[in-house]
Structure formats: C-alpha cells, structure tokens
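> with the input below, show me the fold.
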Amino acid sequence: MRHHMTTPATLVDGHRLFHVPPQGLSLADRAAARRQDAGQRASWPFPAYDDKTPERAGFNAGIAYGLWGVEPPYAQALAALTGHLTSHAMEVLVTHRYIVTAVLRCGFATVSVLALQGRPRTIADPGTHPDVRRIADTWGVIALAAGPCLYAAGQIPEDAPDHR
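As a prediction, this is how the structure comes out:
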C-alpha cells in the first residue's frame, strides 16, 4: 500500500488545488485520491417560512452521515446539531431560503446554514444556542457574498468504526 500525505484543498488565484499522489498511479487512482481528499458533501435548500425546516434539515444530514459510514450514535448527534443550528439560523438571520450543507472529511464533520441573500436580525453567534455548544466542538459565523453562514463542526472520535 502506498502512503502519501493528505494536503487539504486550498484556493490559489481562484483555482482549487488538490494533493497530487506520487507518480506511478493511474489516472483512475489519482481521481480516486482527489475524491478522497475532497471528502463527502451534500447541500439542501429549505424555505424560510416552513416551521419544519430544522427537522427536515436534521433528517437529511443524519441520513447523509449514515450513508457516509458514520456510526448511528454520531450520525444522530450530527442530525440533532443540524436541526439546532438551522433553528438558530431561522431565529437570527432573515432570508427567503436557507442552504444547509453537511460535510465529512477525514473524520471531521461540519454542518452549515447559509441564509441566501440574507442579513442578521440580531447577533448571529451559534455559540449562544446551548444545544449547539453542547454538541459541537467549534462554531462560528462567516459573512459570504451569498449571505451570512452559520457553521458548527466536530471530530468523529478515532475509535468510531469506519469514520473516514
């Protein structure tokens, strides 16, 4: 088995760069290595007016993490985190649509809620939500061109089977 260091993708001059495996690998092997470096990602749009949005976002994220091989207790915790983060976003960010994203990369799970073309109604710190603080290892808010984005993340424990 060949060993190579994994380098995270970065932006350079607007282009996404991925770690290139050592010479001698086939193009298919190189493409597989790039996909592995990129991790798993899924996004879903939700309307701002629907009270079921947090529940639906959590459900989708839980299913995604489960399909990606995260053990059920951790997938359930990430589903709950997604629901809480979405609920918090709906309280503090004004928008017509939320884009909820779940990511799993190298055993690190991140959920985010983008308020598309939105604006803060009040302080948007996810750390003020007790359930986000309880479940996540880290959280924050990013001002993106598309709108404000809340995120929360946590490490899947090393002893969890198949934690990619």
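> mind listing what's buried in the longest helix belonging to the chain?
Ranked by residue count and defined by DSSP state H, the top helix of the chain is helix 72-92. Within helix 72-92, the residues scored as buried using 16 or more other C-beta atoms under 10 Å are 74-75, 77-90, 92. Just so you know, the C-beta spots here come from the backbone N, C-alpha and C atoms, and that holds for glycine as well.
> distance between it and the chain's centre?
11 Å (C-alpha atoms, centre = their mean, to the nearest Å).
> for it, output the C-alpha coordinates as CSV.
What follows is helix 72-92, C-alpha atoms only, in CSV (Å, rounded to 0.1, in the frame of the first residue of the first chain):
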residue,chain,number,x,y,z
PRO,A,72,-25.6,5.7,14.2
PRO,A,73,-24.9,7.5,17.5
TYR,A,74,-22.7,10.1,15.9
ALA,A,75,-25.0,10.4,12.8
GLN,A,76,-27.9,11.1,15.2
ALA,A,77,-25.8,13.7,17.1
LEU,A,78,-24.9,15.4,13.8
ALA,A,79,-28.6,15.3,12.8
ALA,A,80,-29.5,17.0,16.1
LEU,A,81,-26.7,19.5,15.6
THR,A,82,-28.0,20.4,12.1
GLY,A,83,-31.5,20.8,13.4
HIS,A,84,-30.4,23.1,16.3
LEU,A,85,-28.1,25.2,14.0
THR,A,86,-30.9,25.6,11.4
SER,A,87,-33.4,26.6,14.2
HIS,A,88,-30.9,29.1,15.5
ALA,A,89,-30.3,30.5,12.0
MET,A,90,-34.1,30.9,11.5
GLU,A,91,-34.2,33.0,14.7
VAL,A,92,-31.2,35.3,14.0
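> helices or strands up against that helix?
helix 53-67, strand 97-105, strand 108-115, helix 130-135, strand 147-155 (3 or more C-beta pairs under 8 Å, 6 or more residues apart in numbering; DSSP states H and E).
> got the angle between that helix and strand 147-155?
On the basis of axes from the mean of the first three to the mean of the last three C-alpha atoms, to 10 degrees, helix 72-92 is oriented at 160 degrees to strand 147-155.
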